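>>> Sharing a model that was predicted from the sequence below.
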Amino acid sequence: MSAATIVRIAGAIVEAQPMANVALYELAYVGEARLLSEVIRVRGDTAMLQVFEDTTGLQLGAPVTPTGSPLSAQLGPGLLGGMLDGVGRPLDVIARTAGDFVPAGVAAPTLDPERRWRFEASARVGDVVAPGDELGIVNEQEDFVHRILVPPGVHGTVAALGSGEYTVEDSIGTLRDGTLLRLAQRWPLRIARPFARRLPPDRPFVTGQRVFDFLFPVAEGGSAAVPGGFGTGKTIIEHSLAKYSDADLVVYVGCGERGNEMAEVVQEFPKLVNPTSRRSVMSRAVLIANTSNMPVAAREASIYLGVTIAEYYRDMGYRVALMIDSISRWAEALREISSRLQEMPGEEGYPTSLSARFGTFLERAGRVAPLGAQRSPGAVTIVSAISPPGGDFSEPVTQAALRVTGALWALDAGLAHQRHFPAVDWSTSYSLYVESVADWFAKEGGSEWMTARTELSALLQRDQELREIAGLVGLSALADVDRLTIEVADLVRDVVLRQSAYDPNDFSSPPRKTYALVRRCARLFKQASAALANGAALSSLPLTEIGPALVAMRDAPAAELEARATDVDALIDRIKVPAKAAA
């Protein structure tokens, strides 16, 4: 059979013949520069490939060489703290060898092939091992254990295995059937890694942000979409989640964002310090950068690389947060590739399969029991930022996300302009996980967590209605109970829903602090409403004292929280409910 050559070029899409025996999603090298590409359609002996690199200068008749394997991630010690491009090449290595711009055809392994790691074997010769069983450990980072597991699809009896120093490609042992065991393994990006069973979403992904944990929680292993226009704080929210959430690891995918925004992430992540471990967030993070000036096909692949890495650490029993900024750029890459393939366009030119593809991707989130011997459950939680043009939530990508995500954290430009952060629109946002995680919050936060949430949600809803009325007739025309609703709702927005990332005492709010603030706001409203119902005047209530006391409680150090709470309780107790006059 003659060698395959290019017969058509359309941007990042090329057609080659003869390629009748290639498989869908098989990798191939295109042109003399050996550009990395992937088969996305086969028709007869003609294959269509999407090229993950710049195709400028590519010519008809250039050779195409299939590799026989799909696009895969190299997984093993050395991932943490690294920054990769959309197909898994380490950008720091490319910068040292080829300069600040990624040249076409450059190749570099994801993991350093020269670095040696200390491996401590836990399995023994003669042990029968199956996929997911632990062979030993590598201390990849200080106080972080990287478990070396039997890869999926491999099983047998250990014939040789020894502790020592190895590179990621060295053989650390063998099975009796001759299978070599290594520190690193490879896995196809577009295939979900297997697990033993999926677990119920009954534990929350604790973010440390009150508005999320209290009103719109996301379950560990769930998914959340964060749509918002320019300047509403999507990136800051993801920084806060990376720094203060209770995830063990963070995988951050910069998908199609501007290069200067990704540069800020690269500069800021090493400076972010986890308050629990007192170590840089970067030591527990993997960054994947595919900026807007990089090839569009690699942007489409970048989110699959991110979720594959997240699943790899999930299989070790770790809780991983996968953050994508933003899924809109991924959808735009799908639109461009779809148009090159001459597929039938859907709304605004996006492929008709947009919702299905996004939903299939989100299926890889989840809290699971990993394969192998008894191990802690692992989880992948996906938080996807969305950048709707003009902040219009009716556009196709946001609507596709609404159909398949479990929580919506809608950001409002008006709140951002008022300097209310996180700028979450509580009238539009929602969570489908509230009932699932209610028992956990009741145990860890407070016994009346759900009751307080219901009461304050109703208060905020009533406040929105009253403000529309007040805009027509004026605030002074409202009844005292309605004016009380507006005043207490203002306190809830300021004390509970607003949170400063720069306040050393309030950058993160554990569930018990959140509940303490919420309970006192709810108690204030209940006590004051009862007083008004029994004839008290609104002006007689000590609201001007209670508001500052609640703010002081919010901003108090953890050691002073109880004392500040006592001060607030004392002020609320001053609201006496007068006995109604006898008829």
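Noted; the coordinates are in hand.

>>> Could you use CA atoms for every contact and neighbour count after this?
Noted.

>>> residues near Ser429, how many?
By the measure other C-alpha atoms under 10 Å, the count of residues near Ser429 is 18.

>>> what about the lowest-mean-pLDDT helix or strand in the chain, distance to the chain center?
In the chain, the helix or strand scored least confidently by mean pLDDT, DSSP states H and E is helix 259-268, which has a mean of 75. Centroid separation between helix 259-268 and its chain, computed with C-alpha atoms, centre = their mean, to the nearest Å, is 17 Å.

>>> Tell me the helices and strands packed up against it.
Of the remaining helices and strands, none touches helix 259-268 by 3 or more C-alpha pairs under 8 Å, 6 or more residues apart in numbering; DSSP states H and E.

>>> Could you identify the helix or strand that succeeds it?
strand 285-290 (DSSP states H and E).

>>> any residues touching that following strand, and which ones?
For strand 285-290, the external contacting residues (C-alpha atoms under 8 Å, 6 or more residues apart in numbering) are 79-86, 88, 249-257, 262, 298-299, 302, 306.

>>> what is the rounded mean pLDDT of the longest helix along the chain?
Looking across the chain with DSSP state H, the single longest helix is helix 449-473. What helix 449-473 shows for mean pLDDT is 92.

>>> Can you point out the buried residues in that helix?
Across helix 449-473, burial judged by 16 or more other C-alpha atoms under 10 Å covers 449-450, 452-453, 455-457, 459-460, 463-464, 466-467, 470.

>>> tell me what it is packed against?
Using 3+ C-alpha pairs under 8 Å, 6+ apart: helix 449-473 touches helix 434-444, helix 480-492, helix 511-533.

>>> Give me the buried positions along the first one.
Judged by neighbour count (16+ other C-alpha under 10 Å), helix 434-444 contains these buried residues: 434, 436-442.

>>> That one packs against which elements?
In terms of contacts (3+ C-alpha pairs under 8 Å, 6+ apart), helix 434-444 is packed against helix 449-473, helix 511-533.

>>> can you tell which of these is closest to Gly359?
Of all these, helix 449-473 sits nearest to Gly359, with 29.2 Å by C-alpha to C-alpha.

>>> Buried residues in stretch 28-38, which are they?
By 16+ other C-alpha under 10 Å, the buried positions in stretch 28-38 come out as 28-31, 34-38.

>>> now stretch 232-252
232-235, 237-252.

>>> related to what we said a few turns ago, redo the buried residues of helix 449-473 as CSV? Include distance to Gly105.
Formatted as CSV, the buried residues of helix 449-473 follow (distance: C-alpha to C-alpha, whole Å):
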residue, distance to Gly105
Trp449, 56
Met450, 56
Ala452, 58
Arg453, 55
Glu455, 60
Leu456, 57
Ser457, 55
Leu459, 59
Leu460, 56
Asp463, 59
Gln464, 57
Leu466, 62
Arg467, 60
Ala470, 64
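
>>> Between the residues you listed, which sits nearest Leu402?
Distance to Leu402 across those (C-alpha to C-alpha) is lowest for Ser457, with 20.9 Å.

>>> list the contacts for the closest residue to that closest one other than its chain neighbours?
Counting by C-alpha to C-alpha, 6 or more residues apart in numbering, Leu215 is the residue found nearest to Ser457 once chain neighbours are left out, at 7.7 Å. For Leu215, the contact set (C-alpha under 8 Å, 6+ apart) comprises 426, 430-431, 453, 457.
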